[in-house]
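Asks: Build me a model:
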Amino acid sequence: MLLGITTGNAVALGVIAGIFVVFALASALLIPRRWPDFPGEHLRWFIVGTLVLFVATLGAVEVFAVEPKEEAAAGETATGHEPPPPPGATTQAEQPPPAPAAEGDAAAGEEVFQGQGCGNCHAFSAAGSSGAVGPDLDESLQGDDAAFIRESIVEPNAETAEGYQANIMPADYGQKLTPKQLDDLVAFLQAG
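Replies: Numbering: from 1, shown residues only. Next comes the predicted model:
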């Protein structure tokens, strides 16, 4: 986990966690040797100190171990300018194009569409469905490529159709469906 955190944040998180670990080890191993009655009559202060360090450690994780926001497009800074590539790195123009989406079986995709109850929410003439909770797929997917359709299934809130709210479509189809089922469903939706 620490590899994904900036150096300054990793150091701060490590220092706070280290203080808690040293406190725990000292209060469990070192202090009782010198004062066998530890914490004795100072139990309240010991509990307060332990809780403060525990909360500080949790707070440090919340503050310092956050993932960077992905508001800017990949490779862009907040100002909208691309940073210069590191020496020896390839630029976007030099990178190979992404691999085409896997081909699926449209007939099997219709079974996935029916089995998952997609027609209860979406109108789609190829499936003979007339749901109105979600967008009409005949209109909203017209001309869209396989990558967009796949993203619309596995991350439905990434881009919602005009006139529809986010968080209506379940966002767990990426986990519920196998890659083959997703390929088949995408092929079915593209063919429709």
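Asks: domain assignment for the protein?
Replies: Using automatic domain parsing, the domain ranges for the chain come out as 2-64, 106-191.
Asks: Lowest average pLDDT across the ones you listed?
Replies: Of all these, mean pLDDT reaches its minimum on domain 2-64 (a mean of 83).
Asks: Distance from the chain centre to that domain, please.
Replies: With C-alpha atoms, centre = their mean, to the nearest Å as the basis, domain 2-64 stands 30 Å off its chain's centre.
Asks: where do the strands sit along this protein?
Replies: Taking DSSP state E as the criterion, the chain contains strands spanning 123-124, 129-130.
Asks: Turn the domains of the chain into TSV, including mean neighbour count.
Replies: Where you see a C-beta, it was placed from the backbone N, CA and C, and this is true even at glycine. Listed next are the domains of the chain as TSV, based on neighbours: other C-beta atoms under 10 Å:
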stretch	mean neighbour count
domain 2-64	13
domain 106-191	16
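Asks: Which helix in the protein has the most residues?
Replies: helix 43-64 (DSSP state H).
Asks: got the CA coordinates for that helix in CSV?
Replies: What follows is the C-alpha trace of helix 43-64 in CSV, where atoms were taken according to Å, rounded to 0.1, in the frame of the first residue of the first chain:
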residue,chain,number,x,y,z
LEU,A,43,-5.1,3.3,34.1
ARG,A,44,-7.4,6.1,33.0
TRP,A,45,-4.5,8.1,31.5
PHE,A,46,-3.1,4.9,29.9
ILE,A,47,-6.5,4.3,28.2
VAL,A,48,-6.8,7.9,27.1
GLY,A,49,-3.3,7.8,25.7
THR,A,50,-4.0,4.6,23.9
LEU,A,51,-7.2,5.9,22.4
VAL,A,52,-5.6,9.1,21.3
LEU,A,53,-2.8,7.3,19.5
PHE,A,54,-5.3,4.8,18.0
VAL,A,55,-7.5,7.6,16.6
ALA,A,56,-4.4,9.5,15.4
THR,A,57,-3.3,6.5,13.5
LEU,A,58,-6.7,6.0,11.9
GLY,A,59,-6.8,9.7,11.1
ALA,A,60,-3.4,9.5,9.5
VAL,A,61,-4.5,6.7,7.3
GLU,A,62,-7.5,8.7,6.2
VAL,A,63,-5.5,11.8,5.5
PHE,A,64,-2.2,10.5,4.2
